[in-house]
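**Q** just coords:
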C-alpha cells in the first residue's frame, strides 16, 4: 500500500505542475489536488491507526 501511496502522490504533483504550466489544461490542477488530498488522508489514517494495511 505504501508504493500505491507514493504513486498517487507523484501523479498528483505531475498533474499540478502540468496544470500550472498549461492554462488550457487547468482542470488537471483540480485532479491533482484531489489525488493529493486522497493520498494525505490515506497516509494520516495509516499513521493514526498504526496499521500496516489500509
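**A** Cool, got the structure. From a predicted model like this one, the values you see are computed outputs, not experimental measurements.
**Q** Name the helix or strand for the residue nearest in space to the middle of the chain, please.
**A** Closest to where the C-alpha atoms of the chain average out (C-alpha atoms, centre = their mean) is residue 36, at 2.6 Å. Taking DSSP states H and E as the criterion, residue 36 maps to helix 27-49.
**Q** to the chain's geometric centre, what's the distance from that helix?
**A** Mean-position distance between helix 27-49 and its chain equals 5 Å (C-alpha atoms, centre = their mean, to the nearest Å).
**Q** same thing with stretch 3-17?
**A** With C-alpha atoms, centre = their mean, you get 5 Å for stretch 3-17.
**Q** What residues sit buried inside it?
**A** 5, 8, 9, 12, 15, 16 (16 or more other C-beta atoms under 10 Å). Quick note: C-beta positions are derived from backbone N, CA and C, even for glycine.
**Q** what's the lowest-mean-pLDDT helix or strand in the chain in contact with?
**A** When the helices and strands of the chain are scored by mean pLDDT, DSSP states H and E, helix 2-21 comes last with a mean of 78. Residues outside helix 2-21 that contact it (C-beta atoms under 8 Å, 6 or more residues apart in numbering): 25-33, 35-36, 38-39, 42-43, 46.
**Q** same thing but at 10 Å, please
**A** With C-beta atoms under 10 Å, 6 or more residues apart in numbering as the test, helix 2-21 has contacts from 25-40, 42-43, 46, 52, 54.
**Q** Could you tell me which of those residues count as buried?
**A** 28, 29, 31, 32, 35, 36, 39, 42, 46.
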